[in-house]
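Undergrad: Generate a structure from the sequence data that follows.
(3 chains)
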Amino acid sequence: MILAPDFYQQPNVVAIARKLLGKVLITRINGEVTAGRIIETEAYSYKERGCHAYNNKQTPRNEIMFVMGGVAYVYLCYGMHNLFNIVTNKTGKAEAVLIRALEPVAGQEVMLARMNTKKLNRITSGPGKLTRAFGIDRSLNGISLLNSKITLEDAAPINSKKIVATTRIGIDYAGTDALLPWRFYVKDNEWVSKW
DNA sequence: TAGAGGATTGAT
DNA sequence: TCAATCCTCTAC
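TA: Got it, this is the predicted structure:
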């Protein structure tokens, strides 16, 4: 069952980031289907410095964060990696959840071809890698997650004992906001990013 | 319009 | 530890 719009439109992006663990992301790009369970997420809000939309700063790049929750925010990072976020909350409340790691469920051979490798090992363990494996790029920025190209399927929640909350990665410039425990991952799962 | 830097990754 | 690589934002 596809996650309903009201799931994304809740006001607490941190709670959504936690609930997204275990859900299944499905992409259908150029007729090729890939699917994966969400293993790792990070929450971002206009209220804190780690966010592109901090202090409600709106730019051409991040304007999609300001629309109604339930769409994709895809942007280029470090000149070479597409990062995939799920926009949450209501119009004007810029919040989003970065998807950092997936566990492949279907379409593994498509992923291997896209990654130009033969080993399934850790090919979706990281925000830049999973977008490549799933065929997500900036042309999908702003697309609805109810659209057939990208959808999210509901699934049983992860046991709360298996969920680890910790600090986000790569946002040292955010000062004390970098210390917020807004990164969530499934404990002991081999697909979590980094080592 | 120039310059700095980034929600990363993989090789050294 | 460091380079790859290019888009975005800020300041001039």
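Undergrad: drop to CA atoms for contacts and neighbour counts, all remaining ones
TA: OK.
Undergrad: quick one, what contacts the closest residue to DNA strand B within chain A?
TA: Using C-alpha to the nearest atom of the strand, the single residue of chain A nearest to DNA strand B is residue A:126, 3.0 Å away. Residue A:126 is in contact with A:100-101, A:192-194, counting by C-alpha atoms under 8 Å, 6 or more residues apart in numbering.
Undergrad: buried subset of those residues?
TA: Buried members of the contacts of residue A:126, counted by 16 or more other C-alpha atoms under 10 Å: A:100-101, A:192-193.
Undergrad: Among those residues, which pair sits farthest apart?
TA: Using C-alpha to C-alpha, the buried ones among the contacts of residue A:126 span at most 7.9 Å, a distance reached by A:100 and A:192.
Undergrad: overlap in contacts of the two?
TA: Counting by C-alpha under 8 Å, 6+ apart, the common neighbours of residue A:100 and residue A:192 are A:39-40, A:125-126.
Undergrad: Go through the residues you listed and say which is closest to DNA strand C.
TA: residue A:126 (13.8 Å).
Undergrad: and the closest one, what pLDDT?
TA: Predicted confidence (pLDDT) at residue A:126: the value is 98.
Undergrad: Low-confidence stretches in chain A?
TA: Scanning chain A for pLDDT under 70 picks out A:195.
Undergrad: Show me what from it comes close to DNA strand C.
TA: A:58-62, A:75-80 (C-alpha under 7 Å from any atom of the strand).
Undergrad: With secondary structure as added columns, please give those in TSV.
TA: Listed next are the residues of chain A next to DNA strand C as TSV, based on DSSP: H, G, I helix; E, B strand; the rest coil:
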residue	secondary structure
A:58	coil
A:59	coil
A:60	coil
A:61	coil
A:62	coil
A:75	strand
A:76	strand
A:77	strand
A:78	coil
A:79	coil
A:80	coil
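Undergrad: filter these down to the ones near DNA strand B?
TA: Answer for the residues of chain A next to DNA strand C near DNA strand B (C-alpha under 7 Å from any atom of the strand): A:76-80.
Undergrad: Among those, which one has the most neighbours?
TA: When neighbours are taken as other C-alpha atoms under 10 Å, the top entry among these is residue A:76 (14 neighbours).
Undergrad: what's the spatially most central residue of chain A in contact with, if anything?
TA: With distances taken as C-alpha atoms, centre = their mean, the residue of chain A nearest its centroid is residue A:99 (2.1 Å). Counting by C-alpha under 8 Å, 6+ apart, residue A:99 makes contact with A:38, A:40-42, A:83-86, A:127.
Undergrad: Can you check those residues and name whichever has the most neighbours?
TA: So for these (other C-alpha under 10 Å), the most neighbours sit at residue A:40, 30 neighbours.
Undergrad: Strands along chain A, start to end?
TA: A:24-29, A:32-45, A:72-77, A:81-88, A:95-106, A:150-153, A:163-166, A:183-186 (DSSP state E).
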